[in-house]
Structure formats: structure tokens, C-alpha cells
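Engineer: Kindly return the folded structure for what I paste below:
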Amino acid sequence: MPTSFLGSALRGTFFFIFGLWWSVRYPLQYLRRKPNAESQPSHGVRRVEIFEGAVKAFFALAGILIEQFIPDGPHLQLYSPKAHSWTDLTSWHYTTMYLFFLLSGIVDIVSHSPLKLPRGLDRLSLSVALLIEGLLFSFRDYSDAALDHHLHSLLAMAIFAGALCALLEIFIRDHIILETFRTGSFLLQGSWFWQIGFVLSPPWGGPGWDQTDGSNLTFLTMCFCWHYAGALAVLAANSAASRCCNESCQLKFGDIDVELDCGMCIHKGNKSSSSALLPEGFSDDK
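Structural biologist: Prediction:
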């Protein structure tokens, strides 16, 4: 099952965009969360969830169309009666993956609509989509390509970690640690998909890395750890930026509130002092 660089880059971009967005959204949401806030999400949070679901569904639908209708794609044909064989199972493999993320996006939209579906259904659908993705990569046919198998085994670790985290979020909602861990798994998936593309089918052409060289396995295992370190660095940087942005906004609006309050106090003080200077009878006449 050969892997194309453009296809791998497309999948990596899908996960990396969501990881970047969550690395900013969740810290801001945590910093602005009130201590005694209700468990139900606010109207603004519901709109954000609906927007995320729409974007997820759009990307997944685009991925399905690209996998099926590229010039060499199967064009929705699963089995060829003439050749008596399956038609391009690689494209069908990724189509199945995108299909469950499409369903997850639709569930996100419906869950936060006025239909009032059970809370946590959106996280359940995301967990199922990730589990299906991990299942597909764990049991695909790698033949004798040891390096290809190793690359996708490392990817499956990030996938199942995100699936477990999303599953826990069904019961433990709005937990910043779980949200951060899931965000890191998406960033790791995104960057690792790009790495897979560079290793198996370099964009500059030519063959990929040697599948039989054991040192490549060792290096790529270290490289996977470096990718996760990079994901943690992105999380830390965006969290710090979100904190600075939140504090600056609070200071800005706090100064405005103080000035308004001071102005009202001064206005009331001038009014009371001026009336106090007037004779008692004159103030009564007014």
C-alpha cells in the first residue's frame, strides 16, 4: 500500500490545524472560566463547537472526495469484476478514516443544536473516529516493509492516546489536562503524518528510505519523541500567549471600568458638594 506525499501532507494538515486551534482555545477557555460557573456550556461555547464540527465535516468530506476522485482513484468502485480483485484499497482505507471524522463533525453540530442531545455524545463520536483510525493503521497490510510498519505503529500510539483521552472526556468534561493531552496528540499526529510522507515518498522524487536498515528504525523512534517535544513546545508557547492576551484584555477593560466608576463618583461628589454649599432654603425651592 504505497503512501503518497500529498496525501500524507493533507492528512497531517487536517490534524495539525485542529491541534493549533485547540492549543489556543482551551487555555483561553480555562482562564476565562468562572469558579462557580454552571456545568452547561454557554451560548458562545456551543457556537464554537458547532463551528468546529462544520470545519471537521468539511475537511473530512474534502478528504473523501480527493481520495475517491483523483485521476488514479477508485471512483467509488470497490471491486473490479474484470480484474476479479479489489480496487485501490489504499484510497478506500483513507476514505473509511475520513468517513468517521465526517460523522464526528455532524454529531458535533447536532449535539450543540436546539435538539439537546446527551452531553458527551460529541466526545464519544470523536473517540470512535480515532479508534477506527488506529484500527485501520494497526491491521493494514505492510508486507515486508518494516520501516512502513514501524512508522504507522508509532502513529497508532498517538492515535490511541487521543482516543483514550476523548473517551475520558465523556465523563470528565472541561478538564484542562485532558484537553491539553488530546491537543498534543493531534499536533503529534499532524507532524508525524508529514514525517511519514517525507520518509516513504519524498516530495523531491526518488525512492524512500531503506526499509531494511535497522538504524532507520532507531532514528525514527527518537524522531517521534522529538516530534512530541515539539508539540509540547507549541502547547507551552500558545498557552503563554493566551495567558498574556487574556491578562492584557482584562487590564484594558479593567481600566475602562475603573475610569467609569471614578467618573461617576466624581460627578456624584461634585453634585453633593455643590448642593451642600447652597443655602438650605434655596435648595428646597429648587
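
Engineer: quick check, Gly208 in a helix?
Structural biologist: No. Gly208 is assigned coil when assessed by DSSP: H, G, I helix; E, B strand; the rest coil, not a helix.

Engineer: so which helix or strand takes in Asn238?
Structural biologist: Asn238 is part of helix 214-277 when elements are defined by DSSP states H and E.

Engineer: Could you pull up the mean pLDDT of that helix?
Structural biologist: Mean pLDDT, taken over the full extent of helix 214-277, equals 73.

Engineer: Going by residue numbers, what spans are helices in the stretch 101-250 of the chain?
Structural biologist: 121-138, 146-168, 176-200, 214-277 (DSSP state H, counting those that start in this stretch).

Engineer: any chance of those in a markdown table, with distance to Pro114 and mean neighbour count too?
Structural biologist: Quick note: C-beta positions are derived from backbone N, CA and C, even for glycine. Output for the helices of the stretch 101-250 of the chain, formatted as a markdown table (distance: least, Cβ to Cβ, whole Å; neighbours: other Cβ atoms under 10 Å):
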| stretch | distance to Pro114 | mean neighbour count |
| --- | --- | --- |
| helix 121-138 | 15 | 21 |
| helix 146-168 | 24 | 20 |
| helix 176-200 | 25 | 22 |
| helix 214-277 | 30 | 13 |
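
Engineer: what's the closest of these to Ile106?
Structural biologist: For Ile106, the closest of those is helix 121-138, at 8.3 Å, according to Cβ to Cβ.

Engineer: ok, residues contacting that closest one?
Structural biologist: 49, 53, 93, 96-97, 100-101, 103-104, 107-108, 111-112, 152-153, 155-156, 159-160, 162-164, 166-167, 169-170, 173 (Cβ atoms under 8 Å, 6 or more residues apart in numbering).

Engineer: roughly how far out does it sit from the chain middle?
Structural biologist: Centre-to-centre, helix 121-138 and its host chain are 14 Å apart (Cα atoms, centre = their mean, to the nearest Å).
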